[in-house]
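> no sequence for this one, just the structure:
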C-alpha cells in the first residue's frame, strides 16, 4: 500500500481531463498491488473478506464516510463476510489519479 497515495486528497474532477490510458493505469497499480483493472482498464476493483456480516457492513460504512469526506464515491457490493469495491471517475468514464488515491485509502480501512 502506498503511504504517499494515502496522504493525498482527491482533487475535484470537472470532466475536462482525459482518463488514464490502460498503460498508465497499469503503472499506477504498482502503488496499489491488491487492486486489479476491470472494464478494459476503465475501473479498478478489489474484494475484501471479513469474519461476519457486521464486520463487512462496518467496513462499508467507514468507506462511505471516507467517500463523502473526499467527494469521490465507489461502487460497493457486499454481503456476509465480503465486500467488493470498484473505483472509477464517472465524469470521464475511466480512471483518474483520484481512483488510486481512494484505493490506497480503502486499503487503509481494511482489517489486517
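Nice, I can see it. Bear in mind the structure is a predicted one, so any value in this text is a computation, not a measurement. Residues are numbered from 1 along each chain as shown.
> mind listing what's buried in the longest helix along the chain?
What stands out as the longest helix in the chain, according to DSSP state H, is helix 53-70. Residues 55, 56, 59, 60, 63, 66, 67, 70 are the ones in helix 53-70 that count as buried (16 or more other CB atoms under 10 Å). Bear in mind the C-beta positions are built from the backbone N, C-alpha and C, glycine included.
> pLDDT score assigned to the fourth one?
Pointing back at residue 60 there. We have a pLDDT of 98 for residue 60.
> now it: closest residue in space, sequence neighbours ignored.
residue 78 (5.2 Å; CB to CB, 6 or more residues apart in numbering).
> quick check: next helix or strand after the helix or strand of the chain with the lowest mean pLDDT?
The weakest-scoring helix or strand in the chain, judged by mean pLDDT, DSSP states H and E, is helix 3-7 (a mean of 79). Next along the chain after helix 3-7, taking DSSP states H and E as the criterion, comes helix 22-28.
> what's the longest helix of the chain in contact with?
Residues outside helix 53-70 that contact it (CB atoms under 8 Å, 6 or more residues apart in numbering) are 9-10, 48, 50, 73-74, 76, 78-83, 85, 98, 101-102, 105-106, 109-111.
> how far does it sit from its chain's centre?
12 Å (CA atoms, centre = their mean, to the nearest Å).
> one step back: now flag whichever of the buried residues of helix 53-70 is closest to residue 5.
residue 70 (12.2 Å; CB to CB).
> low-confidence ranges in the chain?
Applying pLDDT under 70 to the chain flags residues 1-2.
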